[in-house]
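**Student:** What follows is a predicted protein model with its sequence.
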Amino acid sequence: MQPLLDFAGDFWWLIFPLMAAAGGAAKSWERASKRRHERRIETLKIKAQLKQAQIEARSGGRARSTVIDSAPSVAPNDLLVRLFAEHDEITARWLDYELDVSKLIAFPAMSDGRQPLTAAFLRAKRTADALRPASAEATVTEQQVAEYLDAVGAYAVAFEVAEKDARRLRDSTFTETERKRLDRAQKLLTVAVDESATQAERNLAYKRVREELDGLILLSDEAVDVLEKKVARELTRGPEEPA
């Protein structure tokens with residue numbers, strides 16, 4: 001106990017930055033908890049609507065299809081269309097980071113599965129992808145719709161939390177030397193995709209970008225393919241001047 005008290009006495013000033021960090025983390029957690037709560041309420045409402053629609057359909061006998069058609073907001077297929085749209089929107093926002101090397105350099109945590117919040121997002125993505133029905137016309141049970149609804153909600157929340165954390169961290173998890181390499185890579189990337197530069201200049205800049213990022217950021221094959229197409233794009237030329 002005494003060594004701990006001695007440490008606290010010598011480093012009492014650390015309490016202020018630690019309190020600030022804890023406060024920021026608490027606010028982020030509060031926002032995420034609020035979002036999860038809103039999702040949970042929305043999920044419960046939609047589940048209740050689905051259950052009510054099924055009860056009305058069963059009691060209507062031959063009028064079952066008419067009952068479901070008269071309540072498109074709770075029909076499973078219409079709900080799937082809405083869920084597919086949200087699912088695809090989140091994936092598109094993620095790919096905007098994953099396939100854009102410039103954004104990967106600026107916010108490297110978004111592609112780093114070692115970051116806890118990014119890892120949680122990737123797990124939520126795998127779950128949502130696995131539970132996604134083949135199409136909006138697929139025959140699904142109430143349970144399947146409910147599970148997919150929960151998965152998409154968790155996917156949305158996990159992405160928002162991971163994105164906010166990545167934008168907060170930026171390159172702070174790298175050493176000073178590594179941050180300088182990232183900065184050089186970002187500047188070289190500008191040259192590599194600059195249509196006013198010569199092809200030789202772009203090729204050289206691209207090569208140096210890859211060298212600077214080696215060991216710092218792992219680029220996916222898809223991101224490399226997108227970048228290489230930008231680098232190899234033919235130079236745009238205006239109409240030739242008349243002689």
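**Tutor:** Alright, I've got the coordinates.
**Student:** secondary structure element for the nearest residue to Ala185 once chain neighbours are set aside?
**Tutor:** Leaving aside its sequence neighbours, Ala185 sits nearest to Glu212 (Cβ to Cβ, 6 or more residues apart in numbering; 3.8 Å). Using the backbone N, CA and C atoms, a C-beta is placed for each residue, glycine as well. Assigned by DSSP states H and E, Glu212 belongs to helix 199-213.
**Student:** Skip ahead from that helix and say which helix or strand is next.
**Tutor:** Following helix 199-213 toward the C-terminus (DSSP H and E): helix 221-232.
**Student:** Can you spell out which helices and strands pack onto that next one?
**Tutor:** Packing partners of helix 221-232 (3 or more Cβ pairs under 8 Å, 6 or more residues apart in numbering; DSSP states H and E): helix 101-106, helix 176-192, helix 199-213.
**Student:** Please convert these to JSON lines, extending it with distance to Phe159, mean neighbour count and mean pLDDT.
**Tutor:** What follows is the helices and strands packed on helix 221-232, written out as JSON lines (distance: least, Cβ to Cβ, whole Å; neighbours: other Cβ atoms under 10 Å; pLDDT from 0 to 100):
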{"stretch": "helix 101-106", "distance to Phe159": "14", "mean neighbour count": "19", "mean pLDDT": "96"}
{"stretch": "helix 176-192", "distance to Phe159": "23", "mean neighbour count": "16", "mean pLDDT": "97"}
{"stretch": "helix 199-213", "distance to Phe159": "24", "mean neighbour count": "17", "mean pLDDT": "96"}
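**Student:** can you give me the helices for the chain?
**Tutor:** Using DSSP state H, the helices of the chain run over residues 2-10, 15-59, 64-69, 76-98, 101-106, 116-131, 142-169, 176-192, 199-213, 221-232.
**Student:** Could I get the pLDDT score of Leu84?
**Tutor:** Just so we're on the same page, residue 84 is Phe rather than Leu. Phe84 is assigned a predicted lDDT (pLDDT) of 95.
**Student:** Surely it is in contact with Glu137?
**Tutor:** No - counting by Cβ atoms under 8 Å, Phe84 does not reach Glu137; the two are 11.3 Å apart.
**Student:** Which one's more surrounded, those two?
**Tutor:** Phe84 (16 against 10; other Cβ atoms under 10 Å).
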